[in-house]
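*Asks:* requesting a structural model of the entry that follows:
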Amino acid sequence: MRASQLLDDIRDNLKDFDIEYVRNKVTDDRYKDPLTKKLAKHNSEAYDEIFEIELSDDFTISDEDINNLKKDIDYYFEKYNPHDEENQKLTKYICLYLAFINKKPLHPFGNSPADDVYEKNKEYYCKGRSRYIKEKNSLCKYCCTKVAPFNHLF
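*Replies:* Numbers count the residues shown, from 1 in each chain. Below is the predicted model of the structure:
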């Protein structure tokens with residue numbers, strides 16, 4: 001599939017999603033968990049990019065990879081959050097965008113090695129990748145991050 005086709009498919013599937021609900025989690029005091037707030041910010045920014053981006057390169061993406069990512073996200077939600085169909089759809093299409101078009105981490109990232117996922121010298125590192133990539137249907141295999149150097153352990 002061409003990147004432009006995938007982007008059109010992502011846009012079609014997200015066009016009616018109420019992103020304001022997600023965006024409001026960033027500032028809503030009812031959401032105390034910092035990860036929830038970071039994820040809401042990350043996802044709402046990706047959502048905005050999806051509808052703003054103009055592709056300069058219409059490259060080919062493997063249909064098999066696209067379908068596998070969709071299946072792995074379905075597996076994740078069936079196992080951990082089976083009744084959250086709305087967030088499953090948002091997550092699926094944002095992950096497709098981040099993994100195959102934007103090539104940014106699937107998780108929120110910072111600029112400091114103190115963060116679990118961080119950017120340094122235009123590369124992304126994840127402290128959990130070496131552990132989580134071994135899990136069944138892991139989404140890590142689609143993420144652009146590298147295993148973080150182990151100096152954060154000391």
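*Asks:* per-residue pLDDT, the spatially most central residue of the chain?
*Replies:* Taking C-alpha atoms, centre = their mean, the centroid of the chain lies closest to residue 106, which sits 2.8 Å from it. Residue 106 carries a pLDDT score of 96 in this model.
*Asks:* so which helix or strand takes in it?
*Replies:* For residue 106, there is no host helix or strand (DSSP states H and E).
*Asks:* can you tell me the closest non-neighbouring residue to it?
*Replies:* Leaving out its chain neighbours, the residue that sits closest to residue 106 by C-beta to C-beta, 6 or more residues apart in numbering is residue 143, at 4.8 Å. Just so you know, the C-beta spots here come from the backbone N, C-alpha and C atoms, and that holds for glycine as well.
*Asks:* try residue 118
*Replies:* Nearest residue to residue 118 in three dimensions, chain neighbours excluded: residue 110, at 5.1 Å (C-beta to C-beta, 6+ apart).
*Asks:* how about the one you found, phi and psi?
*Replies:* Dihedral angles phi and psi of residue 110 (degrees, to the nearest 10) take the values phi -120, psi -170.
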